[in-house]
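Chemist: model the structure of this input:
(one chain, ligands or ions: 2)
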Amino acid sequence: MDAIKKTVFSGVQPTGKITLGNYLGAIRNWGPLQDQYNCLYCVVDMHSITVSQVAAELRKNTMDLVALYIACGVDPTKSGLFIQSHVPQHAELCWVLDTISYIGELNRMTQFKEKSRKHADNINMGLMNYPVLMAADILLYQTDLVPVGKDQIQHLELARNLAERFNNRYSETFVVPEGLVFKQGSSIKSLQDPLSKMSKSDPNENAVISLMDDPDTIARKFKRAVTDSDTVVRFGEDKPAISNLLTIYSLTSGETIEQAEQRFAGQGYGVFKQAVADAVIAVVKPIQDEQRRLIADKAYLESVLKAGAEQAERIAAKTLAKVYRKVGFVPKIR
Ligand code: ATP
Ligand code: LTN
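Modeler: Numbers count the residues shown, from 1 in each chain. Ligands and ions are numbered 1, 2, ... in the order given. Here you go, the predicted model:
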């Protein structure tokens with residue numbers, strides 16, 4: 001690793017179908033950072049068991065997501081790509097950070113409140129501890145920048161607070177990370193309710209574009225997408241549904257919002273929606289093909305994961321040793 005470059009860390013949970021929101025808000029931004037930064041991209045399987053999973057599905061989703069990262073532009077010769085549970089220091093640092101986290105602050109987290117509501121029969125300790133594990137992920141690697149969607153800002157703030165709290169209590173140990181939230185695409189909305197975010201776990205399939213959807217499905221979902229009351233293709237706060245579609249169109253076609261507004265002036269929603277679908281299909285199709293090819297090459301994926309975990313563990317072990325020393329644990333006799 002290049003010591004002068006800053007460090008980038010990010011991750012996505014291997015739960016369910018990865019959405020267009022996950023792609024436009026997060027994964028899509030990862031590839032372009034690889035030359036300027038030391039990047040680590042992690043499949044956070046330990047986070048995903050905070051809601052109940054079927055073991056065989058989790059295993060498959062995890063490997064599929066590894067392949068998807070690469071298909072979306074993560075280059076394993078440039079970045080460390082690994083699975084969270086392969087690096088034991090994540091859980092170990094989480095425990096130490098737990099001892100400086102307050103129940104009150106975890107109880108206030110929006111995602112915890114939402115998930116507690118959604119999974120009222122399974123409000124487990126892991127669900128509450130989720131943001132502390134996320135802080136451990138980030139702080140272990142002395143991360144400078146964390147590219148994520150808007151919904152993760154609150155969790156990032158906690159990671160910053162825990163870093164500062166630990167540094168103040170035990171002396172300078174962690175880099176205090178910054179979020180990298182891109183202006184466009186950081187909050188893609190549901191196609192059925194433009195006021196709420198497009199979410200993997202939305203039970204309404206028409207609300208969500210999965211990165212795995214076939215072209216017909218994508219076209220049908222955009223056709224059925226809700227629109228705003230007039231018929232003008234214009235971006236604006238008073239037009240949340242069309243603004244969302246314009247954002248998706250702009251990010252997938254490469255045109256600016258203004259260019260798109262001009263292109264579709266006077267054309268009505270039907271033509272516009274078809275164009276959004278075509279632009280999304282043109283981006284998603286090659287990703288799907290590449291992911292399929294990679295999934296078939298298990299030996300390659302395993303070699304990437306082995307190297308990724310080794311690289312990550314080297315850094316993680318160093319940070320954890322420092323943390324253990326600061327809190328007063330006797331070093332292991334070797
Ligand atoms: P769930 O809705 O089940 O909690 P999720 O769709 O938020 O899951 P995560 O694995 O929690 O998926 O998020 C992965 C990344 O995708 C994060 O960086 C998150 O900010 C980003 N992200 C998720 N949804 C959106 C969205 N609608 N728009 C932009 N970015 C998003
Ligand atoms: N909570 C994140 C996933 C996540 C993550 C991380 C993102 C877990 N650990 C570390 C960035 C850095 C989410 O997107 N829901």
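
Chemist: from here on, just use CA atoms for contacts and neighbour counts.
Modeler: Fine.

Chemist: would you list every one of the helices in the stretch 1-150 of the chain?
Modeler: Under the criterion DSSP state H, counting those that start in this stretch, helices of the stretch 1-150 of the chain are mapped to 20-25, 45-48, 55-71, 89-98, 103-107, 110-118, 125-140.

Chemist: what does stretch 285-298 contact?
Modeler: 63-64, 67-68, 70-72, 211-212, 215, 300-301 (CA atoms under 8 Å, 6 or more residues apart in numbering).

Chemist: how near is Val181 to ligand 2?
Modeler: As judged by CA to the nearest ligand atom, to the nearest Å, Val181 and ligand 2 stand 11 Å apart.

Chemist: now stretch 70-80: buried residues?
Modeler: Buried positions in stretch 70-80, judged by neighbour count with 16 or more other CA atoms under 10 Å: 70-76, 79-80.

Chemist: pick the one among those closest to ligand 2.
Modeler: Gly80 (13.7 Å; CA to the nearest ligand atom).

Chemist: go ahead and confirm the closest one touches Cys39.
Modeler: Yes - using CA atoms under 8 Å, Gly80 is in contact with Cys39, at 6.3 Å.

Chemist: where does the protein have low pLDDT?
Modeler: When residues are selected by pLDDT under 70, those of the chain lie in 1.

Chemist: top of the contacts of stretch 285-298 by number of neighbours, please.
Modeler: Ala67 (25 neighbours; other CA atoms under 10 Å).

Chemist: the residue of the stretch 101-250 of the chain found nearest ligand 2: how many residues sit nearby?
Modeler: Taking CA to the nearest ligand atom, ligand 2 has its nearest neighbour within the stretch 101-250 of the chain at Met134, 3.9 Å off. Using other CA under 10 Å, Met134 has 22 neighbouring residues.

Chemist: cool, and Glu178?
Modeler: 17.

Chemist: still on that earlier bit, of the buried residues of stretch 70-80, which is the nearest to ligand 1?
Modeler: Nearest to ligand 1 among these, with distances taken as CA to the nearest ligand atom, is Cys72, at 13.4 Å.

Chemist: give me the phi and psi for the closest one.
Modeler: Phi and psi for Cys72, reported as degrees, to the nearest 10, are phi -90, psi 0.

Chemist: any idea how far Leu246 lies from ligand 1?
Modeler: Distance, Leu246 to ligand 1, by CA to the nearest ligand atom: 14 Å.

Chemist: show me the helices in the stretch 201-334 of the chain, by range?
Modeler: Counting by DSSP H, counting those that start in this stretch, the helices of the stretch 201-334 of the chain are 215-224, 240-253, 257-263, 268-295, 298-327.

Chemist: on that earlier part again, near ligand 1 too, which of the buried residues of stretch 70-80?
Modeler: Checked against ligand 1 using CA under 6 Å from any ligand atom, the buried residues of stretch 70-80 give no members in range.

Chemist: could you dump the residues you listed to JSON lines with distance to ligand 2?
Modeler: Formatted as JSON lines, those follow (distance: CA to the nearest ligand atom, whole Å):
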{"residue": "Ile70", "distance to ligand 2": "17"}
{"residue": "Ala71", "distance to ligand 2": "19"}
{"residue": "Cys72", "distance to ligand 2": "16"}
{"residue": "Gly73", "distance to ligand 2": "17"}
{"residue": "Val74", "distance to ligand 2": "15"}
{"residue": "Asp75", "distance to ligand 2": "18"}
{"residue": "Pro76", "distance to ligand 2": "18"}
{"residue": "Ser79", "distance to ligand 2": "15"}
{"residue": "Gly80", "distance to ligand 2": "14"}
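
Chemist: how close does Val146 sit to Glu157?
Modeler: Going from Val146 to Glu157 by CA to CA, to the nearest Å gives 11 Å.

Chemist: who's more crowded, those two?
Modeler: Each of Val146 and Glu157 has its neighbours counted (other CA under 10 Å); Val146 has more, 24 against 17.
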